[in-house]
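[1] need a 3D model of the following:
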Amino acid sequence: MVHRFIALSLAFAFAVTAQAADKPASAETASPKVDAAKGQQVAAQICAACHNPDGNSALAANPKLAGQHADYLYKQLKNFKADGGKPAERNSPVMGGMVAALTDQDMKNVAAWYASQTQKGEQAKAQAIEAAQKLYRAGDAARGLPACAACHGPAGAGIPAQYPRIGGQFAEYTEAQLKAFRSGERANDPNRMMRAVAARMSDAEIKAVSDYVAGLR
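    Residues are numbered from 1 along each chain as shown. A predicted model of the protein is given here:
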């Protein structure tokens, strides 16, 4: 029961926008449409130096954004941005500076641009396949550790607006994020989902799963 409960609630869950109340928004109040072309322009000026113009970063310290779900990218951009007197939900001096001048529409546009690009995946390390495949696919019920695939899918593709794509990501980046969730350094996961999962994983398991995920397509 514990396994089933956590598996159903695991991962980066994002709130779905509520439906409009009674009447459709008027032309004056309707939100601008997301424009990936404008997002490309903003990305070229602000994001490309670290993530490359198409979102396929060259350095593992900078995650691949190409092909990531737009909802997830938008949420992360918002989380990096301080809101008035409130600190950013996801603390990063670098990213905080990058998003400081972006409007909400800019962030939506950038997210749409990178989501439209094709990811260039990584290769799984051979030793990771056997060590992590079972953990990724089935979890460990005895420890209340759910299968990663329950939310992120067998190929790591995730589910738009609910769970992010993790397949093909740099193993080093995935490992760093899992450890950040485990330590509490990263805490922008709804309902502490990823923190609860990472807390049950050893360093060796985190590394093995991260290596395995890198090779998923």
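
[2] so what's Q40 closest to, chain neighbours aside?
    Computed as C-beta to C-beta, 6 or more residues apart in numbering, the closest residue to Q40 that is not its neighbour in sequence is W113, at 4.7 Å. All C-beta spots, glycine's among them, are computed from the backbone N, C-alpha and C.

[3] can you report how many residues neighbour the one you found?
    28 (other C-beta atoms under 10 Å).

[4] what's the answer for A142, then?
    When neighbours are counted by other C-beta under 10 Å, A142 comes out with 8.

[5] pull the residues that contact the helix or strand harbouring I206.
    Assigned by DSSP states H and E, I206 belongs to helix 203-214. Helix 203-214 is contacted from outside by 121-125, 127-129, 131-133, 135-136, 148, 156, 166-172, 174-175, 178-179, 182, 198, 201, using C-beta atoms under 8 Å, 6 or more residues apart in numbering.

[6] export that helix to CSV, keeping only CA atoms.
    This file holds the C-alpha atoms of helix 203-214, laid out as CSV (Å, rounded to 0.1, in the frame of the first residue of the first chain):
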residue,chain,number,x,y,z
ASP,A,203,24.7,7.7,-3.2
ALA,A,204,25.3,4.5,-5.2
GLU,A,205,21.6,4.2,-6.2
ILE,A,206,21.4,7.8,-7.1
LYS,A,207,24.4,7.5,-9.4
ALA,A,208,23.3,4.3,-11.0
VAL,A,209,19.8,5.6,-11.7
SER,A,210,21.2,8.9,-13.1
ASP,A,211,23.5,6.9,-15.4
TYR,A,212,20.6,4.7,-16.5
VAL,A,213,18.3,7.6,-17.2
ALA,A,214,20.8,9.3,-19.4
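
[7] please identify the buried residues of it?
    Applying a neighbour-count criterion of 16 or more other C-beta atoms under 10 Å, one finds 205-214 buried in helix 203-214.

[8] which of those sits closest to D71?
    In terms of C-beta to C-beta, no member of these lies closer to D71 than V213, at 19.9 Å.

[9] where's the closest one relative to G39, distance?
    Using C-beta to C-beta, to the nearest Å, we find V213 at a distance of 26 Å from G39.

[10] P190 now?
    25 Å.

[11] which residues touch A100?
    81-82.

[12] looking at P190 and G39, which is more packed in?
    Taking neighbours as other C-beta under 10 Å, P190 and G39 compare with G39 leading, 25 against 13.

[13] check contacts around that one.
    Contacts of G39 (C-beta under 8 Å, 6+ apart): 106, 108-114.

[14] what do you get for G153?
    159, 163, 167.

[15] among those, which are in strands?
    In strands, judged by DSSP state E, none of these are found.

[16] just the buried residues from these, in ChimeraX please.
    Selection command for ChimeraX covering only the buried members of the contacts of G153, criterion 16+ other C-beta under 10 Å:
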select :163,167
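
[17] thank you kindly, that will do.
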